[in-house]
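**Student:** here's my sequence, what's the structure:
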Amino acid sequence: MTLETRTIHASRALLTWLIRATAVAMIAVGLYWIGARLVFALLGNGDLISAFKVWSGVGSEHGIFRGLPLTLIGAVLATASRRIARWVITVPESGCPSCAYARPSDAAGPCPECAYGSEPARQPDPTPDPITEPKPARR
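**Tutor:** Numbers count the residues shown, from 1 in each chain. This next block holds a predicted model:
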């Protein structure tokens, strides 16, 4: 099954949108957790240092230490969403592997554009042939 360019672009666009939507949700939840912890620290004790020290109870999540990584991961996902989509949905390999010249998959022989796949050129032998090599003249 051959994917068309239109299908590849549509799939990548959808995946990019999903990654960015997830990233926005992660950033929003992370900032909420951080903000809630800071507001409760200010309203409770009036001390920002207590936001890092005080746990709200057994089994409760600490907003800063859970919110900060969630926010950072969301920011990285949002920044790299296009690269991730291109990495996940790759273009099928068709054509010449050297120059990407479009050829049918059943085409035989070397590439007409760059001659990839043809017989490699023979390298000259570095040792001189005593019969065909002229001898240096003596003085």
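
**Student:** check contacts around Ala36.
**Tutor:** Gly63 (Cβ atoms under 8 Å, 6 or more residues apart in numbering). C-beta coordinates here come from the backbone N, C-alpha and C atoms, glycine included.

**Student:** find the helix or strand that it is a member of.
**Tutor:** Using DSSP states H and E, the element containing Ala36 is helix 5-44.

**Student:** C-alpha coordinates for stretch 16-35, PDB please?
**Tutor:** This file holds the C-alpha atoms of stretch 16-35, laid out as PDB (Å, rounded to 0.1, in the frame of the first residue of the first chain):
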ATOM      1  CA  THR A  16       0.900  17.200  15.700                       C
ATOM      2  CA  TRP A  17      -2.400  18.600  16.900                       C
ATOM      3  CA  LEU A  18      -2.800  15.700  19.400                       C
ATOM      4  CA  ILE A  19       0.700  16.100  20.700                       C
ATOM      5  CA  ARG A  20       0.100  19.900  21.200                       C
ATOM      6  CA  ALA A  21      -3.300  19.400  22.800                       C
ATOM      7  CA  THR A  22      -1.700  16.900  25.300                       C
ATOM      8  CA  ALA A  23       1.100  19.400  25.900                       C
ATOM      9  CA  VAL A  24      -1.300  22.200  26.600                       C
ATOM     10  CA  ALA A  25      -3.200  20.000  29.000                       C
ATOM     11  CA  MET A  26       0.000  19.000  30.800                       C
ATOM     12  CA  ILE A  27       1.200  22.600  31.100                       C
ATOM     13  CA  ALA A  28      -2.200  23.700  32.400                       C
ATOM     14  CA  VAL A  29      -2.400  21.000  35.100                       C
ATOM     15  CA  GLY A  30       1.200  21.500  36.100                       C
ATOM     16  CA  LEU A  31       0.800  25.300  36.500                       C
ATOM     17  CA  TYR A  32      -2.400  24.700  38.400                       C
ATOM     18  CA  TRP A  33      -0.600  22.400  40.900                       C
ATOM     19  CA  ILE A  34       2.200  24.800  41.300                       C
ATOM     20  CA  GLY A  35      -0.100  27.800  41.700                       C
END
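
**Student:** coming back round to it: residues of the helix holding Ala36 that come out buried?
**Tutor:** Neighbour-count burial for helix 5-44 flags 12, 15-16, 19-20, 23, 26-27, 30-31, 33-34, 37-38, 41 (criterion: 16 or more other Cβ atoms under 10 Å).
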